[in-house]
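1. Structure of the sequence below:
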Amino acid sequence: MPILASRTDPNAAMFATNAQAYEALLETLRDRVRILANGGGTAMVDRHRDRKKIVVRERIDMLVDPLSPFLEICPLAAWGLYDNEVPAAGLVIGVGVVHGTPCMIIANDATVKGGSFFPETVAKHVRAQEIAWENRLPCLYLVDCGGAYLPEQDRVFPGKDHFGTTFLNQCRMSANGVPQIAAVFGGCTAGGAYIPALADEVVMVRGNARIHLGGPEIVKAAIKEVVDAETLGGAEMHTLVSGVNDYLVDTEAEALLTLRDIVAKLNRATPQHMATRPPMPPKSDPADLGGIIPADAKTPYDVRDVIARLTDGSDFQEFKPAWGATLVCGFAHMHGQPVGILANNGVLFAESAVKGAHFIELCNQRNIPLLFLQNITGFMVGTEAERGGIAKHSAKLVYAVSTARVPRFTVIIGGSYGAGNYGMCGRGFAPRFLFAWPNARIATMSPEVATTVLTELRGRSLKRGAASGAEMDDLADRTTRQFTEQSDPYYATARLWDDGIIEPQDTRDVIGLCLALAAATPRETGLSPVFRM
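-> As a prediction, the model looks like this:
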């Protein structure tokens with residue numbers, strides 16, 4: 001096998017410097033994830049437990065198979081927004097295994113604003129359904145939802161990709177044979193009521209679960225009727241009278257067991273559309289990744305040192321290794337699953353773009369999923385590049401990425417700037433999953449370049465002497481601060497520009513799980529010619 005030999009010396013001073021800097025980034029990530037685990041805070045969690053309710057992540061632990069992985073998606077959604085009072089956007093989503101079946105779990109956290117939907121909550125819910133639909137995963141809704149957060153109703157209710165989209169997706173997935181199962185643990189009001197109402201099967205917990213399109217307050221205001229919540233939409237009423245509910249249980253633990261029993265009877269096969277091989281660990285240690293990534297993002301390094309710590313046995317059959325050197329392409333396996341890797345090793349020149357397009361076509365022909373490792377300032381600019389047709393050649397890569405018929409996955413391992421983000425399958429190109437490392441940066445351009453561009457443009461638009469040095473300095477300072485803040489990985493993940501920030505040493509396991517999910521979905525058919533561009 002073509003084994004990648006590591007070029008990294010773990011005993012070098014630079015390695016120690018990089019590792020120390022990266023450890024600080026990891027501690028920040030871990031601290032923020034620990035904050036999320038406390039939901040809406042100690043007082044709200046205590047009140048939740050006083051009502052004989054289980055907190056959301058414990059519900060998930062009880063639902064999934066023992067010792068099986070749970071891939072949480074967008075855990076830091078809404079981070080830094082709303083004074084950090086909506087941790088995880090009040091919703092926990094992720095892929096878990098239930099009775100051997102991979103499922104998408106969508107669980108409201110009622111300790112956060114009663115499980116109400118903020119704009120980021122809706123976006124997260126919709127993202128979970130997108131993943132479920134593309135990978136044909138049954139959706140398990142753990143419902144404890146107060147409906148739309150009314151002060152944000154204009155950003156939650158009326159538009160495309162707002163709350164109504166979650167119901168549209170639920171109906172269409174069910175019609176396409178993707179099961180939709182709901183367990184109700186608390187009050188489901190207004191829009192929240194439609195999550196179980198549209199499900200294929202419903203479980204409700206006696207005494208706590210309620211479903212009503214309009215709560216007692218709305219009923220009183222609308223028709224002057226005075227009624228308590230239990231009479232209006234309690235679990236017993238919906239089981240014995242309305243027929244909305246299918247299974248009445250006494251405890252949340254029983255509800256979760258019932259949910260597991262339903263999944264066990266779904267009669268879902270798990271096909272395998274890839275030629276797998278026995279997995280093996282990399283020969284180079286993934287724990288070294290923190291020491292490989294330079295503390296200064298401007299310092300270059302060889303991305304092959306990263307690839308060697310991700311692939312099975314550090315095996316990597318590189319494609320065109322002597323041409324288009326700034327884009328490293330090649331075939332490998334991760335956890336036994338085949339994968340074609342495209343990884344940046346500098347700015348994208350015309351040769352690199354054409355090489356990448358050619359490689360994608362090979363993967364299309366061979367039904368090999370694609371993994372993009374982004375660390376890119378963009379495509380090459382300048383007179384020589386333009387005369388060499390960089391616009392035409394970069395478009396070939398963008399076209400190949402856009403029309404690829406195999407599953408695509410992206411990890412931002414460094415910078416992701418400008419059209420390089422597009423050519424390397426950024427969020428706008430709908431990869432099945434997109435993750436980021438704690439050192440990631442994403443923007444139209446770096447703060448330094450943006451500051452230079454805007455001050456130059458401002459200077460040209462004014463007559464000589466019309467702007468003082470102080471005004472230009474203020475513009476430069478504001479631009480630098482804006483682009484620094486908006487390219488921060490936590491700014492991005494809060495707005496769901498990725499599916500989560502992951503630790504570099506976990507990348508192999510995370511992508512391996514994603515590849516396994518993709519392997520169970522049918523291959524798209526069609527001609528797969530290989531043009532040598």
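
2. contacts, neighbours, all on C-alpha from now
-> Will do.

3. Restricting the selection to alpha carbons, write stretch 478-498 to CSV.
-> Only the C-alpha atoms of stretch 478-498 are listed here, as CSV (Å, rounded to 0.1, in the frame of the first residue of the first chain):
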residue,chain,number,x,y,z
ARG,A,478,-13.6,48.9,12.0
THR,A,479,-13.0,46.7,9.0
THR,A,480,-10.4,44.6,10.8
ARG,A,481,-12.6,44.2,13.9
GLN,A,482,-15.7,43.2,11.7
PHE,A,483,-13.9,40.6,9.7
THR,A,484,-12.0,39.2,12.7
GLU,A,485,-15.3,38.8,14.6
GLN,A,486,-17.3,37.4,11.6
SER,A,487,-14.7,34.9,10.5
ASP,A,488,-14.4,33.4,14.0
PRO,A,489,-15.5,29.7,14.1
TYR,A,490,-18.0,30.3,16.9
TYR,A,491,-19.6,33.1,15.0
ALA,A,492,-20.1,30.7,12.1
THR,A,493,-21.3,27.7,14.1
ALA,A,494,-23.8,29.9,16.0
ARG,A,495,-25.4,30.6,12.7
LEU,A,496,-25.3,27.0,11.5
TRP,A,497,-22.7,27.6,8.7
ASP,A,498,-21.4,24.2,9.8
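
4. which other residues reach it?
-> In this structure, residues lying in contact with stretch 478-498 by CA atoms under 8 Å, 6 or more residues apart in numbering are 74, 76-81, 120, 123-124, 427, 433-443, 446-448, 450-451, 454, 499-501.

5. buried residues in that stretch?
-> 479-480, 483-484, 486-498 (16 or more other CA atoms under 10 Å).

6. circling back: among the contacts of stretch 478-498, which ones are buried?
-> By 16+ other CA under 10 Å, the contacts of stretch 478-498 give 74, 76-79, 120, 123-124, 427, 433-443, 446-447, 450-451, 499-501 as buried.

7. which regions of the stretch 151-300 of the chain lie under the pLDDT threshold?
-> Nowhere does the stretch 151-300 of the chain drop to pLDDT under 70.

8. The stretch 401-533 of the chain now?
-> Filtered on pLDDT under 70, the stretch 401-533 of the chain yields the residue ranges 461-468, 526-529, 531-533.

9. Show me where it has its helices.
-> 418-423, 447-461, 469-486, 489-494, 507-519 (DSSP state H, counting those that start in this stretch).

10. Can you check which of those helices gets nearest to residue 110?
-> Nearest to residue 110, of all the helices of the stretch 401-533 of the chain, is helix 489-494, at 19.7 Å by CA to CA.

11. How far does the closest one sit from its chain's centre?
-> How far helix 489-494 lies from its chain's middle: 11 Å, per CA atoms, centre = their mean, to the nearest Å.

12. What is the longest strand anywhere in the chain packed up against?
-> The residue-count maximum for a strand in the chain (DSSP state E) belongs to strand 408-417. Counting contacts by 3 or more CA pairs under 8 Å, 6 or more residues apart in numbering; DSSP states H and E, strand 408-417 is packed against strand 370-376, strand 433-436, strand 441-443.

13. For residue 358, which three-state class applies?
-> Secondary structure state of residue 358, per DSSP: H, G, I helix; E, B strand; the rest coil, is helix.

14. Please tell me how far it sits from residue 524.
-> 19 Å (CA to CA, to the nearest Å).

15. Please identify which of these two sits among more neighbours.
-> In this view residue 358 and residue 524 are compared by other CA atoms under 10 Å, and residue 358 has more residues nearby, 20 against 12.

16. if I look at residue 409, how far off is residue 478?
-> 35 Å.

17. what does residue 458 give?
-> Separation of residue 458 from residue 478 (CA to CA) stands at 13 Å.

18. same question, residue 443
-> As judged by CA to CA, residue 443 and residue 478 stand 16 Å apart.

19. got it, and residue 374?
-> Residue 374 is 27 Å from residue 478, by CA to CA.

20. cool, and residue 117?
-> Going from residue 117 to residue 478 by CA to CA gives 33 Å.

21. and if you look at residue 338?
-> Counting by CA to CA, the gap from residue 338 to residue 478 is 46 Å.

22. same thing with residue 266?
-> Distance from residue 266 to residue 478, counting by CA to CA: 56 Å.

23. ok, which stretches of the stretch 201-350 of the chain are strands?
-> 201-205, 210-212, 247-249, 317-319, 327-334, 337-344 (DSSP state E, counting those that start in this stretch).

24. Rebuild those strands as JSON lines, extending it with distance to residue 517 and mean neighbour count.
-> As requested, the strands of the stretch 201-350 of the chain are exported to JSON lines (distance: least, CA to CA, whole Å; neighbours: other CA atoms under 10 Å):
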{"stretch": "strand 201-205", "distance to residue 517": "24", "mean neighbour count": "25"}
{"stretch": "strand 210-212", "distance to residue 517": "33", "mean neighbour count": "27"}
{"stretch": "strand 247-249", "distance to residue 517": "30", "mean neighbour count": "19"}
{"stretch": "strand 317-319", "distance to residue 517": "24", "mean neighbour count": "18"}
{"stretch": "strand 327-334", "distance to residue 517": "13", "mean neighbour count": "25"}
{"stretch": "strand 337-344", "distance to residue 517": "10", "mean neighbour count": "26"}
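
25. now for those strands, which one comes closest to residue 85?
-> So among the strands of the stretch 201-350 of the chain, strand 210-212 is nearest, using CA to CA, at 25.3 Å.

26. list the contacts for the closest residue to residue 87 other than its chain neighbours?
-> Of all residues not flanking residue 87 in the chain, residue 36 sits nearest, at 5.7 Å (CA to CA, 6 or more residues apart in numbering). For residue 36, the contacting residues are 75-76, 87-88, by CA under 8 Å, 6+ apart.

27. Okay, and which of those map to helices?
-> Using DSSP state H, no member of the contacts of residue 36 sits in helices.

28. Farthest-apart pair in those residues, please.
-> So, these by CA to CA: farthest apart are 75 and 87, at 8.4 Å.

29. out of those two, which sits in the busier spot?
-> residue 87 (31 against 27).

30. And the pLDDT at that one?
-> pLDDT, residue 87: 95.

31. Report the separation between it and residue 129.
-> 20 Å.

32. Same question for residue 38.
-> Residue 38 is 25 Å from residue 129, by CA to CA.
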